[in-house]
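Asker: I'll drop the sequence and a predicted model, then ask my questions.
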Amino acid sequence: METDLTGKVVIVTGAGSGLGQATAYAFAEAGCIVACLDINEAAAATTSDTINGQGFNSCPWQCDVGDAETVVAIVNEVVTSYGRLDVVVNNAAVDHTLSIMDMLVEQWDQVIGVNLRGAFLMTKAALPHMQKQRSGHIINIASTAATRAWANASAYHASKWGLIGFGRGLSVEGRPYNIRVTTIMPGGMRTHFFDRFVEQGIPLPDEQHLQNPANVAAAIVFAVKMPGQSVIQEMLITPLTETSWP
């Protein structure tokens with residue numbers, strides 16, 4: 001029997017737009033209390049307001065996932081407010097579409113700092129609460145960029161490949177506490193992720209070969225609903241017509 005998510009408390013990072021927003025909506029519809037975190041305070045509030053307006057329960061927090069003190073403070077606030085923490089979705093991500101030669105050290109550090117270090121910080125802050133309640137689920141949002149490579153994405157590849165390793169190690173450490181870990185690897189989605197392509201004059205992918213982020217969000221909720229004796233370790237989700245697979 002699938003896990004009932006009614007009343008479960010979920011943190012979603014990068015919840016102000018794209019996959020994070022779709023994931024926040026999906027968990028709310030499943031009956032969860034959703035803490036919407038985003039570096040853009042207004043965007044987090046918009047997502048949260050939409051959830052509350054539909055009769056569900058949500059609260060927004062402005063959060064830079066690369067700031068260790070802020071992350072710990074917000075996770076503790078969520079637990080204080082709702083009494084528990086059941087799911088963390090490490091979704092916040094950035095990228096700079098540049099060659100290794102053109103990428104600044106600061107840009108490399110930002111990508112690794114948000115995409116990989118941010119997931120570590122959020123998980124590290126959540127684990128004591130999950131260990132105490134002897135249950136929890138960490139969802140790390142990687143990418144098909146963790147299984148293949150293309151030019152001008154070295155930092156992004158490194159961060160997403162890193163999430164695979166991080167998730168596998170975390171999964172072993174979480175087992176004694178009934179903490180499950182799932183790494184999601186989405187293919188192309190119709191989100192603001194490609195906005196920077198326009199700014200840099202890079203051709204956009206054909207929209208017919210991109211998937212709705214709501215589809216990926218549904219898969220994330222499905223993974224969390226798995227019966228407690230099992231865990232989906234990793235999940236690859238691509239658009240049906242994505243041309244680079246298999």
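Answerer: On my side now, so go ahead.
Asker: from now on I want contacts and neighbour counts done on CA atoms only, so please keep to that.
Answerer: Fine.
Asker: could you dump stretch 109-129 to CSV, C-alpha only?
Answerer: Extracted C-alpha coordinates of stretch 109-129, given in CSV (Å, rounded to 0.1, in the frame of the first residue of the first chain):
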residue,chain,number,x,y,z
ASP,A,109,32.0,28.2,-7.4
GLN,A,110,28.4,29.5,-7.6
VAL,A,111,27.2,26.5,-9.6
ILE,A,112,28.8,24.0,-7.3
GLY,A,113,27.8,26.1,-4.3
VAL,A,114,24.1,26.1,-5.1
ASN,A,115,23.6,22.8,-7.0
LEU,A,116,25.8,20.5,-4.9
ARG,A,117,26.8,22.2,-1.7
GLY,A,118,23.3,23.6,-1.3
ALA,A,119,21.9,20.0,-1.3
PHE,A,120,24.5,19.0,1.3
LEU,A,121,23.7,21.9,3.6
MET,A,122,19.9,21.4,3.4
THR,A,123,20.3,17.7,4.0
LYS,A,124,22.7,18.2,6.9
ALA,A,125,20.3,20.5,8.5
ALA,A,126,17.3,18.2,8.0
LEU,A,127,19.0,14.9,9.1
PRO,A,128,18.9,15.4,12.9
HIS,A,129,15.1,16.0,12.8
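Asker: contacting residues around the closest residue to residue 237 other than its chain neighbours?
Answerer: Excluding the flanking residues, the one nearest residue 237 by C-alpha to C-alpha, 6 or more residues apart in numbering is residue 186, at 4.7 Å. Neighbouring residues of residue 186 by C-alpha atoms under 8 Å, 6 or more residues apart in numbering: 141-144, 216, 236-238.
Asker: ditto for residue 108
Answerer: Neighbours of residue 108 in contact, by C-alpha under 8 Å, 6+ apart: residue 155.
Asker: looking at it now. What's its pLDDT?
Answerer: In this model, residue 108 is scored at 98, pLDDT.
Asker: just the buried positions in the host helix or strand of it, please.
Answerer: Counting by DSSP states H and E, the element that carries residue 108 is helix 105-112. The neighbour-count check on helix 105-112 (16 or more other C-alpha atoms under 10 Å) flags 107-108, 110-112 as buried.
Asker: ditto for stretch 27-40
Answerer: For stretch 27-40, burial by neighbour count (16+ other C-alpha under 10 Å) applies to 27-40.
Asker: pipe the residues you listed into JSON lines and attach distance to residue 119, secondary structure and pLDDT per row.
Answerer: Below are the buried residues of stretch 27-40 laid out as JSON lines (distance: C-alpha to C-alpha, whole Å; DSSP: H, G, I helix; E, B strand; the rest coil; pLDDT from 0 to 100):
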{"residue": "27", "distance to residue 119": "19", "secondary structure": "helix", "pLDDT": "98"}
{"residue": "28", "distance to residue 119": "22", "secondary structure": "helix", "pLDDT": "98"}
{"residue": "29", "distance to residue 119": "24", "secondary structure": "helix", "pLDDT": "98"}
{"residue": "30", "distance to residue 119": "24", "secondary structure": "coil", "pLDDT": "98"}
{"residue": "31", "distance to residue 119": "25", "secondary structure": "coil", "pLDDT": "98"}
{"residue": "32", "distance to residue 119": "21", "secondary structure": "coil", "pLDDT": "98"}
{"residue": "33", "distance to residue 119": "21", "secondary structure": "strand", "pLDDT": "98"}
{"residue": "34", "distance to residue 119": "18", "secondary structure": "strand", "pLDDT": "98"}
{"residue": "35", "distance to residue 119": "16", "secondary structure": "strand", "pLDDT": "98"}
{"residue": "36", "distance to residue 119": "15", "secondary structure": "strand", "pLDDT": "98"}
{"residue": "37", "distance to residue 119": "13", "secondary structure": "strand", "pLDDT": "98"}
{"residue": "38", "distance to residue 119": "13", "secondary structure": "strand", "pLDDT": "98"}
{"residue": "39", "distance to residue 119": "14", "secondary structure": "coil", "pLDDT": "97"}
{"residue": "40", "distance to residue 119": "18", "secondary structure": "coil", "pLDDT": "98"}
